[in-house]
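J.: requesting a structural model of the entry that follows:
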Amino acid sequence: LDDAPAAVELFNVLNQMYVGHSTDNIADLRRDWTAPGFDLERSALGVFAGQRMIGYVQVSDTSSLPVRPEVWFRVHPDYFGGELGRDLLAWGEARARQVFDRLPADAQVVLQADVYSTDAYSRRTLQAAGFAMTDYGWLRMVIEFDDPPPLPQWPAGYTLTTAADIGDLRPIYRAFKTAFLDHRGHVREDFETAFARWHTHLTSDSLYEPGLLFGLMNGGDVVGTLLCRTQSWGYPERAYISSLGVIR
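T.: Model prediction:
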């Protein structure tokens, strides 16, 4: 955990290059490193030149059925010309292969990696290692308001509640999971195990507010969920919608 400042310094050098400002902080990184199911000593590697971290790689496979392990790596720009990225990815792939010990023999496993669209170095490194680009990506979408948006008009029989109102977050989480049954790569896992991991990640966020986790009720059932944040990660001037889901 003492390496978190050096890691954040590395990450933010690259964030400045690719998005124009810093987005990572020590508190959030330590929260991720201590999240349930994440074994820091086994799943993350830092490479140092003196006191400076110049490379980092981690593998995330905390699901109880980890068919989509994710490898995430960073290389300091001063070392783009060498083979550090290749070596970090090789370590990450070897670490990711450990998921086979926890899966049925017929499981289909995909090792995935995400990069900024502006990060040409990481794209080249991944493609050289045999990764293929997909048509699946994330877009950061923004709307600017000149006036408050109109209030929603709920259909008859529907009411809006929050985590602050209901206390137990399981009904909201159950609706969230149900809404994403058709999501790419979704796997079913033990509810209480998955809920505990989600609950810890949610409530350890320094900006978590129960009044900003919404559930849309139809009778006694939660049929839609909305998780909001007063700030986007790395964009303190922007509010953020973390997730939005409606059951079938």
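
J.: could you pull out the strands for the protein?
T.: 44-49, 52-60, 70-75, 158-162, 213-218, 221-229, 240-246 (DSSP state E).

J.: between the ones you listed, which one is nearest to V13?
T.: Smallest distance to V13 across those (C-beta to C-beta): 8.8 Å, for strand 70-75. Placement of C-beta: from N, CA and C, glycine included.

J.: circling back to that earlier point, including distance to D32 and mean pLDDT, could the strands of the chain go into a markdown table?
T.: Output for these, formatted as a markdown table (distance: least, C-beta to C-beta, whole Å; pLDDT from 0 to 100):
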| stretch | distance to D32 | mean pLDDT |
| --- | --- | --- |
| strand 44-49 | 10 | 98 |
| strand 52-60 | 9 | 97 |
| strand 70-75 | 11 | 96 |
| strand 158-162 | 26 | 94 |
| strand 213-218 | 20 | 95 |
| strand 221-229 | 16 | 94 |
| strand 240-246 | 15 | 93 |
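
J.: of those, which is nearest A128?
T.: Across the strands of the chain, closest to A128 is strand 70-75 (C-beta to C-beta), at 12.9 Å.

J.: any buried residues in the helix ranked longest in the chain, and which?
T.: Counting by DSSP state H, the longest helix found in the chain is helix 4-19. Across helix 4-19, burial judged by 16 or more other C-beta atoms under 10 Å covers 4, 6-8, 10-12, 14-15, 18.

J.: now do stretch 160-173
T.: 163, 166, 169, 171-173.

J.: mind listing what C228 touches?
T.: With contact set as C-beta atoms under 8 Å, 6 or more residues apart in numbering, C228 has these partners: 212-214, 239-242.

J.: what does stretch 110-123 contact?
T.: 14, 17-19, 67-73, 75, 77, 80, 85, 93, 96, 126, 131, 133, 137-138, 185.

J.: go again using 7 Å as the cut-off
T.: Residues from elsewhere that reach stretch 110-123 (C-beta atoms under 7 Å, 6 or more residues apart in numbering): 18-19, 67-72, 80, 93, 96, 126, 131.

J.: and of those, the nearest to V222?
T.: Nearest to V222, judged by C-beta to C-beta, of those is R68 at 26.1 Å.

J.: how much space between the closest one and A132?
T.: The spacing between R68 and A132, counted by C-beta to C-beta, to the nearest Å, is 15 Å.
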